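**Q** Can you look at this prediction? I've put the sequence above it.
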Amino acid sequence: MDSDGPWVVAQHGQLYARDDGFDASFGRLVARIVADFIANHDSEYEAGWVAERDGAPMGCIFCVRLDAQTAKLRMFLVLPEARGSGLGAQLLDTCMAFARVAGYRRMQLWTHESHRAACALYAKRGWSLTDSRPVHSFGCDLVEQSWEIALQ
């Protein structure tokens, strides 16, 4: 994961700036999350995946420990050229399967309603929207969402 960290940070910063108008504070947040994951993750309970096509990274997803019973899905991203290929579903299924094997009883995630394709995928996989509220984050007015799923 050490070698993939810069790609994860760069892609999040670039795509969210381009597609959602996020400012540089979002890239700094992702950089802190990735650095913390690389430095401190417990591989029994946390994992990250970078999917490749022909040797080029196309997407990523991370499962991190929120507490003993709860995993948090983080940094889920699929490059535009890989969207619609099923890669997002494969990454999400892999992450959720890992969380089940690691013994988590539920998963949570935080996103924005503008990520309609990802939200549709969450709903299709059985996730429930637990909170939705307008916020001003990363230099933009957004609608922040929280989602959750029982794993057991």
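**A** Yep, it's here. Numbering: from 1, shown residues only.
**Q** got the buried residues for stretch 58-76?
**A** By 16 or more other CB atoms under 10 Å, the buried positions in stretch 58-76 come out as 58-65, 70-76. To be clear about C-beta, it is placed using only N, CA and C from the backbone, and glycine gets the same treatment.
**Q** gap between that stretch and the chain center?
**A** 7 Å (CA atoms, centre = their mean, to the nearest Å).
**Q** just to revisit the earlier point, spatially, which two of the buried residues of stretch 58-76 are the most separated?
**A** Greatest spatial distance in the buried residues of stretch 58-76: 58 and 70, 28.1 Å, computed using CB to CB.
**Q** returning to that earlier point: kindly indicate which of the buried residues of stretch 58-76 lies nearest residue 129.
**A** residue 73 (14.0 Å).
**Q** name the element that closest one belongs to?
**A** Per DSSP states H and E: residue 73 is located in strand 70-78.
**Q** So what touches that strand?
**A** Strand 70-78 is contacted from outside by 8, 11-12, 15, 30, 33-34, 45, 48, 58-66, 87-88, 91-92, 95, 99, 102, 104-109, 118, 151, using CB atoms under 8 Å, 6 or more residues apart in numbering.
**Q** burial count for residue 152?
**A** 8 (other CB atoms under 10 Å).
**Q** pretty sure it contacts residue 101?
**A** No - using CB atoms under 8 Å, residue 152 is not in contact with residue 101; the gap is 11.4 Å.
**Q** can you give me the helices in this structure?
**A** Ranges of helices in the chain, per DSSP state H, are 5-20, 24-40, 87-101, 116-124.
**Q** mind showing which ranges of this structure have poor pLDDT?
**A** 1-2 (pLDDT under 70).
**Q** Report back the residue of it that's furthest from centre.
**A** Ranked by distance from the centre of the chain (CA atoms, centre = their mean), the top residue is residue 54, with 22.6 Å.
**Q** how close does the closest residue to residue 78 other than its chain neighbours get to residue 49?
**A** Once flanking residues are discounted, residue 78 sits nearest to residue 59: 3.9 Å by CB to CB, 6 or more residues apart in numbering. For residue 59, the distance to residue 49 equals 8 Å [CB to CB, to the nearest Å].
**Q** Check residue 117 too.
**A** Separation of residue 117 from residue 49 (CB to CB) stands at 19 Å.
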